[in-house]
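K.L.:
need a 3D model of the sequence below.
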Amino acid sequence: MSRLTKGRSVVFVSTYPPTQCGIATFTRDLANALELYDWTPLVVAIDKGQTDYADQRVIWRIRRDHEQDYVQAAQFLNTLQPTAVSLQHEYGLFGGEMGDYILRFVRMLRVPLFVTLHTVEPQPRDAMKRILREILPLAQAVMVMSHTAIHLLKQVYHVPTHHVRMIPHGAPEVPFANPEIAKGKLGLQGRKVLSTFGLISRGKGIEDVIAAMQDVVKHHPDALYLVLGQTHPNVRAYEGESYRQSLMAMVEQLGLQENVRFVNSYLSQELLLRYLSATDIYITPYPNPGQISSGTLTYALAAGCAVVSTPYLYAQELLADGRGVLVPFRNPQAMADALKCLLSDDNYRQQLRHKAYQYTRHMTWRSVGAQFALWLSRETLAYHSANVLGRQYALSPVLLPETSAAQSTLMAERTPDAV
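P.N.:
The predicted structure is shown next:
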C-alpha cells in the first residue's frame, strides 16, 4: 500500500483552492469534514496548468484541455489504489464537448468510483445525456444534493438510480445570532441589510433586485442591498468587469447609491459568515429555473437568514413548507413586494429565520461529512465484497455456464479491463 493511502483514503477529482469557484470550495470543505471521520482526503486538481497549490493534499494535476492528462490521471490512481475516488462532476470543469474528456478517465479507472453531480439539467442537451448515461453505470455510487435530481435522472436521463444517494450540500456551523450584533462589527448599524453573495456573472439576476430596490426604498429608506463577491475569474478573462459596471451604472441611474453597495472581493469564509450573520434578508434572484443546487442558498439558510428567492428547482425544495418566500422569475415588482412585506413584519422575518436554521442542522459540514463517510464505507465494502464473490465464481467451474465463442467475445469486450 502506498505511503499516501495508508488507512482509508479518498481522492477527489475536482477543482481546488486557490482556484476560485464553488466546486473548489465545496471540495475543500468536504475534505476537511471527512478528516473528522478518519478518512485521508487527497486531490487530483483540475486547472489550466498554471495554478500553484500550497495544500499538500494535491497529489496530481489534470490540465483541463489536455485529453491525455485524463488518461494519465487514471493510470496514476490505478497504481496508487486509494480506497475510493470521488469525482466532482460539472460539465464546465472538464475539456472537450460539454466536458466529455472526463469519459477517458472513468473508462480507465480501476478503483471504486463515487460521483457527485453538481448539475442535473432538466432540459439537457444530447451531449449532457450521453455523458451522464456513460458515467453513472461505471460508478459504484452517485451522490446528488436534492431529491429532485434523482427524479430527473429517472425521468429525463433514463438512467438507473438504485445506486444514487441524496446527501445535502454542506454549510459551516454558526450560532443563531441577532443580526444587530454582527451589523455593529461591519459598520452597518441602523440599516436593514439585504444581501446576495457569490462570484458575479451575468445570469445571476442581480439587476432584478436592483430594479426592485426602487420601490423598496420608498417604504424602507434604511434598506441596504449588499452584492458580495468579485466577478467570476472566467468571466473577467473574456469580458472584464463590464457586467459589474453595468450594474453600478444602473444603481447610479436609479439614484440608489445609498441603498446598494458592492463588496468587490473574494471573501474569506470568516468574513462571509459575518456578512450573513448581519443579513436580515438573503436573496437568490437566479433566473435559471433548472438550477439543481446552490451553495450560496445553503449557506444563507444554515446561517439563519430569512430568504427571498426565485423558484429554481433547488430553491423550491429547500424553501418548501414555509422556510422562505418564492417570487416569479424576472419580476422586480414581485421581488419588491416580498421584500417590503418581510421588512415590515419583524415577527414573520424571525419566524423564517428560525425555520431555516432548524431545518439545516443536518446540513452542517460535520453532519454532511458523517453522511459522506458512512456512504463511502458502505459502498467500498460492497464493491470489494462483489469483487471477491466474482473471483470465487471465476475460480469455480461448476458455477460457470457454457458459453459460445461469440458470447465469450462479447463478455471480454464488457469486462472492466477493456478500454
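K.L.:
quick check: pLDDT value at Leu395.
P.N.:
Reported pLDDT at Leu395 in the predicted model: 40.
K.L.:
and if you look at the one 3 residues further on?
P.N.:
Reading off the per-residue confidence, Val398 sits at a pLDDT of 33.
K.L.:
again, but for Ile210
P.N.:
98.
K.L.:
for the longest helix seen in the chain, what is the distance to the chain centroid?
P.N.:
As assigned by DSSP state H, the longest helix anywhere in the chain is helix 365-395. Between the centre of helix 365-395 and the centre of its chain there are 24 Å (C-alpha atoms, centre = their mean, to the nearest Å).
K.L.:
one more: stretch 340-352?
P.N.:
From the chain centre to the centre of stretch 340-352 is a distance of 29 Å (C-alpha atoms, centre = their mean).
K.L.:
please compute how far the longest strand belonging to the chain lies from its chain's middle.
P.N.:
Ranked by residue count under DSSP state E, the longest strand found in the chain is strand 39-47. Centre-to-centre, strand 39-47 and its host chain are 16 Å apart (C-alpha atoms, centre = their mean).
K.L.:
returning to that earlier point: quick one: list the elements packing against the longest helix of the chain.
P.N.:
Packing contacts for helix 365-395, counted by 3 or more C-beta pairs under 8 Å, 6 or more residues apart in numbering; DSSP states H and E, involve strand 8-14, helix 22-35, strand 84-89, strand 113-117, strand 141-144. Every residue, glycine included, has its C-beta placed from N, CA and C.
K.L.:
now do it against strand 39-47, angle only.
P.N.:
Orientation of helix 365-395 against strand 39-47 (axes from the mean of the first three to the mean of the last three C-alpha atoms, to 10 degrees) gives an angle of 90 degrees.
K.L.:
list the contacts of Val10.
P.N.:
By C-beta atoms under 8 Å, 6 or more residues apart in numbering, Val10 lies in contact with Leu34, Trp39, Thr40, Pro41, Leu42, Pro82, Thr83, Ala84, Val85, Ser86, Phe114, Leu376.
K.L.:
what's the closest non-adjacent residue to it?
P.N.:
Excluding the flanking residues, the one nearest Val10 by C-beta to C-beta, 6 or more residues apart in numbering is Ala84, at 4.6 Å.
K.L.:
before we move on, what about Asn264?
P.N.:
Of all residues not flanking Asn264 in the chain, Gln230 sits nearest, at 5.5 Å (C-beta to C-beta, 6+ apart).
K.L.:
just the strands in this protein please.
P.N.:
Remark: strands assigned in the chain by DSSP E are 8-14, 39-47, 58-63, 84-89, 113-117, 141-144, 164-166, 192-197, 223-228, 260-263, 281-284, 306-309, 325-326.
K.L.:
export the ones you listed to a markdown table and tack on mean pLDDT?
P.N.:
Below are the strands of the chain laid out as a markdown table (pLDDT from 0 to 100):
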| stretch | mean pLDDT |
| --- | --- |
| strand 8-14 | 97 |
| strand 39-47 | 98 |
| strand 58-63 | 98 |
| strand 84-89 | 98 |
| strand 113-117 | 98 |
| strand 141-144 | 98 |
| strand 164-166 | 98 |
| strand 192-197 | 98 |
| strand 223-228 | 98 |
| strand 260-263 | 97 |
| strand 281-284 | 98 |
| strand 306-309 | 98 |
| strand 325-326 | 98 |
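K.L.:
and of those strands, who's closest to His362?
P.N.:
strand 164-166 (11.3 Å; C-beta to C-beta).
K.L.:
partners of that closest one, with directions?
P.N.:
When pairing is defined by DSSP bridges, strand 164-166 lines up against strand 141-144 (parallel).
K.L.:
can you list the residues that contact the partner strand?
P.N.:
Outside of strand 141-144, the residues within contact range by C-beta under 8 Å, 6+ apart are 114-117, 120, 136, 150, 153, 161, 163-167, 292, 372, 375, 379.
K.L.:
buried only: go through these for me.
P.N.:
Buried by 16 or more other C-beta atoms under 10 Å: 114-117, 120, 136, 150, 153, 161, 164-165, 167, 292, 372, 375, 379, out of the contacts of strand 141-144.
K.L.:
low-confidence ranges, this protein, go.
P.N.:
1-6, 388-419 (pLDDT under 70).
K.L.:
switch to 90 and redo it
P.N.:
By pLDDT under 90, the low-scoring segments of the chain are 1-7, 50, 203, 232-238, 266, 384-419.
K.L.:
hang on, the earlier thing: right, and the pair among the contacts of Val10 with maximum separation?
P.N.:
Greatest spatial distance in the contacts of Val10: Thr40 and Phe114, 15.1 Å, computed using C-beta to C-beta.
K.L.:
angle of the longest strand of the chain against strand 84-89?
P.N.:
Here strand 39-47 points in a direction 40 degrees away from that of strand 84-89 (the same axes, to 10 degrees).
K.L.:
okay, angle between strand 39-47 and strand 8-14 too, please.
P.N.:
Here strand 39-47 points in a direction 20 degrees away from that of strand 8-14 (the same axes, to 10 degrees).
K.L.:
okay, the angle between strand 39-47 and helix 22-35?
P.N.:
Computed by the same axes, to 10 degrees, the angle separating strand 39-47 from helix 22-35 equals 160 degrees.
K.L.:
and strand 39-47, what does it pack against?
P.N.:
Using 3+ C-beta pairs under 8 Å, 6+ apart: strand 39-47 touches strand 8-14, helix 22-35, strand 58-63, helix 67-80.
K.L.:
nearest to Gly92, out of these?
P.N.:
Ranking the helices and strands packed on strand 39-47 by proximity to Gly92 (C-beta to C-beta) places helix 22-35 first, at 9.3 Å.
K.L.:
alright, calling it a day.
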